[in-house]
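Peer 1: Coordinates only, no sequence provided:
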Ligand code: ADP
Ligand code: MG
């Protein structure tokens with residue numbers, strides 16, 4: 001079964017092709033790393049896959065259903081690259097993690113026992129259980145990202161999509177996150193991770209996809225890791241981290 005099926009996807013911003021004829025099919029159980037330099041369209045592709053970015057042309061299917069008809073969003077967990085409007089809405093760490101489980105049916109119900117247990121476990125796994133009553137914006141950028149990761153972990157989704165989850169995360173938490181991703185993958189979760197840090201997850205990755213240089217918006221490499229040296233330039237790049245200036249990832253480290 002295909003979890004993600006993108007056909008000839010095009011996205012333009014102000015006439016520039018950010019994605020051009022992207023064909024991408026991801027099967028259940030894959031662990032895919034999406035790589036490429038800044039501005040190559042990684043976040044745009046992820047957003048397009050999830051219906052957050054309209055396409056100029058092309059089609060997206062999720063779990064073998066056209067995007068427009070797909071409605072089972074509880075099957076998908078997203079860790080976005082940037083927190084949307086962290087400072088505008090006062091929200092606690094606990095509320096953020098439990099909100100990942102909200103479905104239209106349960107929106108006005110209190111958080112159930114099972115959801116609470118999942119949220120507690122997830123917060124413990126990312127080391128932020130003691131901070132659960134704190135307001136989200138009082139946490140550092142790296143901690144906020146861990147909250148989003150916990151939120152995704154608590155959903156029990158079949159597809160986990162993470163846009164640079166390791167940015168701004170210290171070595172200890174990174175090791176822990178990589179372990180968690182491995183466990184989820186073993187349990188059958190399909191994983192799509194946008195990253196500059198292939199080194200840390202390379203042993204888990206079944207397939208690496210490298211997007212092209214600025215504005216070409218095409219796939220340059222699609223295959224098992226390691227990424228051939230001729231494409232490594234596209235991977236060895238730092239991103240800007242608006243929420244955390246510390247602990248910039250180091251990109252591909254030579255072996
Ligand atoms: P990446 O995640 O690979 O760094 P993005 O998908 O964020 O790249 O961006 C790809 C290109 O599209 C960049 O040139 C970026 O400036 C542009 N872009 C992204 N989002 C928008 C937007 N909402 N409006 C206009 N341009 C955008
Ligand atoms: Mg991005």
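Peer 2: Sure, I can see it. All of these numbers come straight from a predicted model, not from anything done at the bench. Ligands and ions are numbered 1, 2, ... in the order given.
Peer 1: for ligand 2, what are the nearby residues on this protein?
Peer 2: Contacts of the chain with ligand 2, taken as CB under 5 Å from the ion, map to 42, 43, 81. Where you see a C-beta, it was placed from the backbone N, CA and C, and this is true even at glycine.
Peer 1: try 6 Å
Peer 2: Taking CB under 6 Å from the ion as the criterion, the chain approaches ligand 2 at residues 42, 43, 81, 163.
Peer 1: Among the residues you listed, which one is most surrounded by other residues?
Peer 2: If you count neighbours using other CB atoms under 10 Å, the busiest of the residues of the chain next to ligand 2 is residue 42, which has 24 neighbours.
Peer 1: Any stretches of the stretch 101-250 of the chain with poor pLDDT?
Peer 2: 101-110, 213-216, 232-250 (pLDDT under 70).
Peer 1: where do the helices sit along it?
Peer 2: Along the stretch 101-250 of the chain, counting by DSSP state H, counting those that start in this stretch, helices occupy 113-125, 141-153, 171-186, 198-201, 229-235.
Peer 1: tell me the most buried of those?
Peer 2: helix 141-153 (a mean of 25; mean count of other CB atoms under 10 Å).
Peer 1: and that helix, what other elements does it pack with?
Peer 2: On a contact count with 3 or more CB pairs under 8 Å, 6 or more residues apart in numbering; DSSP states H and E, helix 141-153 meets strand 76-79, helix 93-99, helix 113-125, strand 159-163, helix 171-186.
Peer 1: that older thread, wait, which of the residues of the chain next to ligand 2 is closest to residue 193?
Peer 2: residue 163 (8.2 Å; CB to CB).
Peer 1: name the element the residue lying closest to that closest one once chain neighbours are set aside belongs to?
Peer 2: Nearest residue to residue 163, sequence neighbours excluded (CB to CB, 6 or more residues apart in numbering): residue 81, at 3.9 Å. Counting by DSSP states H and E, no helix or strand carries residue 81.
Peer 1: before we move on, back to that, distance to residue 194 for the helices and strands packed on helix 141-153 - can I get that in CSV?
Peer 2: Output for the helices and strands packed on helix 141-153, formatted as CSV (distance: least, CB to CB, whole Å):
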stretch, distance to residue 194
strand 76-79, 9
helix 93-99, 21
helix 113-125, 21
strand 159-163, 5
helix 171-186, 13
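Peer 1: mind listing the strands for the stretch 1-150 of the chain?
Peer 2: 2-13, 16-27, 31-35, 57-62, 65-66, 76-79 (DSSP state E, counting those that start in this stretch).
Peer 1: In TSV, list those strands along with mean neighbour count and mean pLDDT.
Peer 2: TSV is the format used below for the strands of the stretch 1-150 of the chain (neighbours: other CB atoms under 10 Å; pLDDT from 0 to 100):
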stretch	mean neighbour count	mean pLDDT
strand 2-13	18	96
strand 16-27	18	94
strand 31-35	24	97
strand 57-62	18	96
strand 65-66	12	97
strand 76-79	23	90
